[in-house]
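# Make a model of this:
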Amino acid sequence: MPPHKPLGAQSDGDRRAAWLEGAVAGVPGLVVSRAELDREGPSYTADTLEAIARDEPGARLWFVLGADQLAGLPGWHEPERILAAARLAVVPRAGHDVRALVAEIAPGRADVIDVPEIGVSSSMVRERIAAGRPIRFLVPPDVEESLRREGLVTSPPSVPERKDHSRPRSS
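Numbering: from 1, shown residues only. Next up, the predicted model:
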């Protein structure tokens, strides 16, 4: 229950967990936590990080977020607890000076993850779904298939799968 979103404005938690499980399936070292789903009341990041720290004593926690989210971190619920519980891994976002944000908001508590910007966001995926546009290659195939099974994606895949996997022959 994200406290910043009105009730009903987000997908069912079990459904979101299933999508995440599909997205990380087969990726070593990644697991989906149900900590926020199994807890009553609103989901505050600080509470979640502290609960994970209690369950995994001695583990070094990293909280990955985009520079756009880092810009709003001071307005989050008890951001100082977030910074105390985990180191931030900040991903650049267009329109945000990520290094300046880190220096201002989380000096000494964050690292910038230099990855290429791919221009895909959850908002974009939701907008494409609402418009009936394809999302292939924007989400993992298992996630797209789950969305399709649930009727949330109704457009056909953007590129039909080839049944014949042989290479064309030249004459």
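# From here on, just use CA atoms for contacts and neighbour counts.
OK.
# confidence score at the spatially most central residue of the chain?
Taking C-alpha atoms, centre = their mean as the criterion, residue 122 is the residue nearest the geometric centre of the chain, at 7.7 Å. Looking at residue 122, its pLDDT stands at 79.
# same deal with residue 7?
50.
# re the thing from before, so what's the residue nearest to the centre of the chain up against?
Applying C-alpha atoms under 8 Å, 6 or more residues apart in numbering to residue 122 gives no contacts.
# so how far is residue 143 from it?
According to C-alpha to C-alpha, to the nearest Å, residue 122 stands 13 Å off from residue 143.
# Not counting its own residues, what contacts stretch 102-116?
Applying C-alpha under 8 Å, 6+ apart, the external contacts of stretch 102-116 come out as 70-71, 73-74, 83, 87-92, 98-99.
# May I see the PyMOL selection of the buried members of those residues?
Those of those that count as buried under 16 or more other C-alpha atoms under 10 Å are selected in PyMOL with:
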select buried, resi 70+71+73+83+87+88+89+90+91+92+98
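# Is it possible to get TSV of the contacts of stretch 102-116 that adds secondary structure?
Below are those laid out as TSV (DSSP: H, G, I helix; E, B strand; the rest coil):
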residue	secondary structure
70	helix
71	helix
73	helix
74	helix
83	helix
87	strand
88	strand
89	strand
90	strand
91	strand
92	coil
98	helix
99	helix
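# How are the helices of this structure distributed by residue range?
Secondary structure of the chain (DSSP state H): helices at 13-24, 45-55, 67-72, 79-85, 98-105, 122-130, 141-149.
# now for the third one, which elements pack on it?
This points to helix 67-72. In terms of contacts (3 or more C-alpha pairs under 8 Å, 6 or more residues apart in numbering; DSSP states H and E), helix 67-72 is packed against strand 87-91, helix 98-105.
# contacts for it?
The contact list for helix 67-72 (C-alpha under 8 Å, 6+ apart) reads 90, 91, 92, 93, 96, 97, 98, 101, 102, 105.
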